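Visitor: need the 3D shape of this:
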Amino acid sequence: MTPEQFRTEGRKLIDWIAAYYEQVEKFPVLSQVKPGEIFNALPEVPPVSGESFDHMMEDVDRLILPGITHWQSPNFYAYFPANASFPAILGDLLSSGLGVQGMLWTTSPSATELETRVMEWLAGMLGLPPCFSYLADGGGVIQDTASSSALAAVIAARERITGMRSNQEGITGRLTAYVSTQTHSSVEKAIKIAGIGRANLRIIGTDPLYAMLPEKLEEKIEADRAAGFTPFFVCATIGTTSSNGMDPIRRIGEICKKENLWLHVDGAMSGAALLCPEFRHFSDGLELADSFCFNPHKWLFTNFDCDCFWVADRRHLTNTFSILPEYLRNQASESGEVFDYRDWHIQLGRRFRSLKLWFVIRHYGEEGLRNLIRYHVRMAGEFASWIRESEDFELVTEPPLNLVCFRYRGTDEENLALMDGINRGGEIYFTHTRLGGKVVLRFCIAQTHTEERHVIRAWEIIKSAAAQLKTE
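Guide: Have a look, this model is predicted:
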């Protein structure tokens, strides 16, 4: 493909993407295809000769679109958002076009230094403690997902507590880590991958708002020390996945400081709300944490993948992950004057992710981003008020931000039937969890293009389904 052909086809693709967003509300939000349907519709062997771009795009319309669950629909309320925006898409396109491999400063200085600056911007925008700035001993790095940040934090914590001896001497069998019943499953996966083992992961109970109970954490730590274990890691959460529960960061942090445990704070979706000063009380005590992350690709309108991860002492990362073979040696790195971000996480190769984040921040500005966050929170508050006033539904917990957890006043089976029937209809899509042993419906308002009219329509659909259920 020549540059001129690329220019021609690229224009058509941009037009296709723009048209997709103009008509995305017309598609069933949840894909309606059956398992294997797309696979069986695709040729068993690849083409021998090259095909035209027009033919490829015809197959996108015919084969691919029916199998898409439309995360960018304003009627998507399921799981958590995976938001895109036009500035982010353009930034990602530019990153792909430049084709940068940003593993070292010297392999593309702009990739490293823009990332450092954007992470400093974000630290200030979120009101993070000064310890997370590179001007202190900390700093931030862009990971792919919060799962990778959790794994990096677990491994760095493991090396800190063992004095960098765990790899050489295999002394991980008596290390213990602590999470709540509501902590994301990615932390359990990290504990397994890091060689700590699921048997050494302690699960801490929660209060009625599904926040970790610090006194239970303290009891578990004391019991483990008495049994000859070495506690080393705690994960607290700003906005748990199931219910948006807010762990008491300060109290947990005080325990971790006293006991010399690494505190990692996961703010995957809800961390974006720290942009708004009125929501920063949820991060009270964050200065006591060793690491913190949130995902701009969830609620900061930056397309997947983009996770921002900060540490209070970057030496724990670089000491843990730095390996310097001869073929990577260079004068800039050995000068000590630059960051080589490949030393800050597991992977060596690095995409130029900061470009799309830079585009988003510059396009919206701080105030524009805050306004979108506040708009979503306000709509969630309105939706919760309708639940309170309804005879057919009940709130399970008061929504602190943009996630509303509620139930139909009936059995678990009726709640699932109501949700599944609505989702099959295709106009809106939402999901469920279990809290207190019961099925709970989750309605997350955070999609980039969701407006109040969409939320009003969603409530009409849910009320209608409930009325139908009562007559059956």
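
Visitor: so for stretch 361-370, mean pLDDT?
Guide: In this model, stretch 361-370 carries a mean pLDDT of 97.

Visitor: hmm, who's touching it?
Guide: For stretch 361-370, contacts defined as C-beta atoms under 8 Å, 6 or more residues apart in numbering pick out 85, 87, 118, 121, 122, 125, 275, 276, 300, 301, 360, 372. C-beta coordinates here come from the backbone N, C-alpha and C atoms, glycine included.

Visitor: wait, which of those is closest to residue 3?
Guide: residue 87 (24.3 Å; C-beta to C-beta).

Visitor: my guess is the closest one meets residue 360, correct?
Guide: Yes - when contacts are counted by C-beta atoms under 8 Å, residue 87 is listed as touching residue 360 (5.1 Å).

Visitor: more neighbours: these two, which one.
Guide: Counted by other C-beta atoms under 10 Å, residue 87 and residue 360 do not tie: residue 360 has more neighbours, with 28 against 20.

Visitor: which ones are touching the more buried one?
Guide: Contacts of residue 360 (C-beta under 8 Å, 6+ apart): 85, 87, 88, 91, 296, 300, 301, 302, 369.

Visitor: export these to JSON lines and tack on distance to residue 53?
Guide: Shown next, in JSON lines, are these (distance: C-beta to C-beta, whole Å):
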{"residue": "85", "distance to residue 53": "25"}
{"residue": "87", "distance to residue 53": "25"}
{"residue": "88", "distance to residue 53": "24"}
{"residue": "91", "distance to residue 53": "23"}
{"residue": "296", "distance to residue 53": "31"}
{"residue": "300", "distance to residue 53": "32"}
{"residue": "301", "distance to residue 53": "29"}
{"residue": "302", "distance to residue 53": "28"}
{"residue": "369", "distance to residue 53": "35"}
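
Visitor: widest-spaced pair of those residues?
Guide: Maximum distance among the contacts of residue 360 (C-beta to C-beta): 14.9 Å, for 91 and 369.

Visitor: those two: who's more crowded?
Guide: residue 91 (25 against 21).

Visitor: before we move on, back to that, which single one of the contacts of stretch 361-370 is nearest to residue 7?
Guide: Using C-beta to C-beta, the contacts of stretch 361-370 come closest to residue 7 at residue 87, 21.3 Å.

Visitor: how close does the closest one sit to residue 11?
Guide: Going from residue 87 to residue 11 by C-beta to C-beta, to the nearest Å gives 19 Å.

Visitor: list the residues that contact both of residue 87 and residue 360?
Guide: Common neighbours of residue 87 and residue 360 (C-beta under 8 Å, 6+ apart) are residue 301.

Visitor: that older thread, mind checking which of the contacts of stretch 361-370 land in strands?
Guide: When DSSP state E is applied, the contacts of stretch 361-370 are split such that none fall in strands.

Visitor: tell me the one among those residues nearest to residue 102.
Guide: residue 118 (12.9 Å).

Visitor: thought the closest one was touching residue 357?
Guide: Yes - using C-beta under 8 Å, residue 118 makes contact with residue 357 at a distance of 5.4 Å.

Visitor: between those two, who's got more neighbours?
Guide: Shown here are residue 118 and residue 357; by other C-beta under 10 Å, residue 357 has more neighbours (27 against 22).

Visitor: and the end-to-end length of stretch 337-353?
Guide: In stretch 337-353, first residue to last residue: 22 Å (C-alpha to C-alpha, to the nearest Å).

Visitor: quick check: buried residues in that stretch?
Guide: 338, 339, 340, 341, 342, 343, 344, 345, 350, 351, 352, 353 (16 or more other C-beta atoms under 10 Å).

Visitor: stretch 282-301 too?
Guide: Those would be 282-283, 285-286, 288-301, for stretch 282-301 by 16+ other C-beta under 10 Å.

Visitor: quick check, distance from it to the centre of its chain.
Guide: 10 Å (C-alpha atoms, centre = their mean, to the nearest Å).

Visitor: ok, now stretch 241-249?
Guide: For stretch 241-249 - counting by C-alpha atoms, centre = their mean - the centre lies 14 Å from the chain centre.

Visitor: gap between the two ends of that stretch?
Guide: 17 Å.

Visitor: contacts for that stretch next, please.
Guide: Applying C-beta under 8 Å, 6+ apart, the set of residues contacting stretch 241-249 is 80, 180, 182, 184, 206, 209-212, 214, 236-240, 265, 268-270, 282-286, 288-289, 396-397, 399-403, 405, 433-435, 440, 442.

Visitor: ditto for stretch 404-420
Guide: 242-244, 380, 383-384, 387, 391-397, 399, 430-433, 435, 438-445, 462, 465-466, 469.

Visitor: stretch 196-204 now?
Guide: Contacts for stretch 196-204 (C-beta under 8 Å, 6+ apart): 154, 158, 172-181, 188, 191-192, 212-213, 216-217, 220, 224, 229.

Visitor: so for that stretch, mean pLDDT?
Guide: On average, stretch 196-204 scores 93.

Visitor: hmm, residue 343 and residue 322 touching each other?
Guide: Yes - applying C-beta under 8 Å as the test, residue 322 and residue 343 come out as touching, 4.2 Å apart.

Visitor: residue 144 and residue 194, how far apart?
Guide: 17 Å.

Visitor: more crowded one of those two?
Guide: Legend: neighbour count by other C-beta under 10 Å for residue 144 and residue 194, higher for residue 194 (23 against 19).

Visitor: from what I can see the more buried one touches residue 155, true?
Guide: Yes - the criterion here is C-beta under 8 Å, and residue 194 meets it with residue 155 at 5.2 Å.

Visitor: and the strand or helix carrying residue 5, how far out from the chain's middle?
Guide: Residue 5 belongs to helix 3-23 when assigned by DSSP states H and E. The chain centre lies 29 Å from the centre of helix 3-23; the measure is C-alpha atoms, centre = their mean.

Visitor: understood, closing this out.
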